[in-house]
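Student: Sequence and predicted structure are below.
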Amino acid sequence: MSHAGSPAYDRAKLVELFGDDPRTLAEVEREFLDTARVAEQVGATDTA
């Protein structure tokens with residue numbers, strides 16, 4: 001899954017903030033994507 005070009009997702013910044021440990025980055029990326037999904041769902045139901 002590639003996120004290149006997405007302005008909301010900056011892997012280089014994640015590496016800068018959390019280091020280059022693959023396990024840590026995978027966890028942070030999962031949390032980021034989960035949060036984005038929930039925000040998208042809330043936004044979809046908030047338009048009523």
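Tutor: Arrived safely. As the structure is a prediction and not an experimental result, all values here were calculated from the model.

Student: rest of the way, CA atoms for contacts and neighbours
Tutor: OK.

Student: Can you pull out the low-pLDDT segments for this protein?
Tutor: Low-confidence segments of the chain (pLDDT under 70): 1-8, 46-48.

Student: Helices of that one, start to end?
Tutor: Taking DSSP state H as the test, the helices found in the chain are 11-18, 22-45.

Student: Format the ones you listed as a markdown table; extra columns: mean neighbour count.
Tutor: What follows is these, written out as a markdown table (neighbours: other Cα atoms under 10 Å):
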| stretch | mean neighbour count |
| --- | --- |
| helix 11-18 | 12 |
| helix 22-45 | 12 |
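
Student: Quick check, central residue of the protein?
Tutor: residue 32 (3.0 Å; Cα atoms, centre = their mean).

Student: how close does that residue sit to residue 19?
Tutor: Look at residue 32 and residue 19: by Cα to Cα, to the nearest Å, they are 16 Å apart.

Student: again with residue 38
Tutor: Going from residue 38 to residue 19 by Cα to Cα gives 26 Å.

Student: same question, residue 33
Tutor: Taken as Cα to Cα, the span from residue 33 to residue 19 is 18 Å.

Student: Also residue 39?
Tutor: From residue 39 over to residue 19 the distance is 26 Å, taken as Cα to Cα.

Student: can you check residue 27 too?
Tutor: From residue 27 over to residue 19 (counting by Cα to Cα), the distance is 12 Å.

Student: Ok, residue 35 next?
Tutor: Applying Cα to Cα, the value for residue 35 to residue 19 is 21 Å.

Student: do residue 42 as well
Tutor: The gap separating residue 42 from residue 19 is 31 Å, by Cα to Cα.

Student: Dihedrals phi and psi, residue 21?
Tutor: phi -80, psi 120 (degrees, to the nearest 10).

Student: Burial check on it, number of neighbours?
Tutor: 9 (other Cα atoms under 10 Å).

Student: how close does it sit to residue 13?
Tutor: On the measure of Cα to Cα, residue 21 and residue 13 end up 13 Å apart.

Student: For residue 18, which residues are in contact?
Tutor: Applying Cα atoms under 8 Å, 6 or more residues apart in numbering to residue 18 gives the contacts 24-25.
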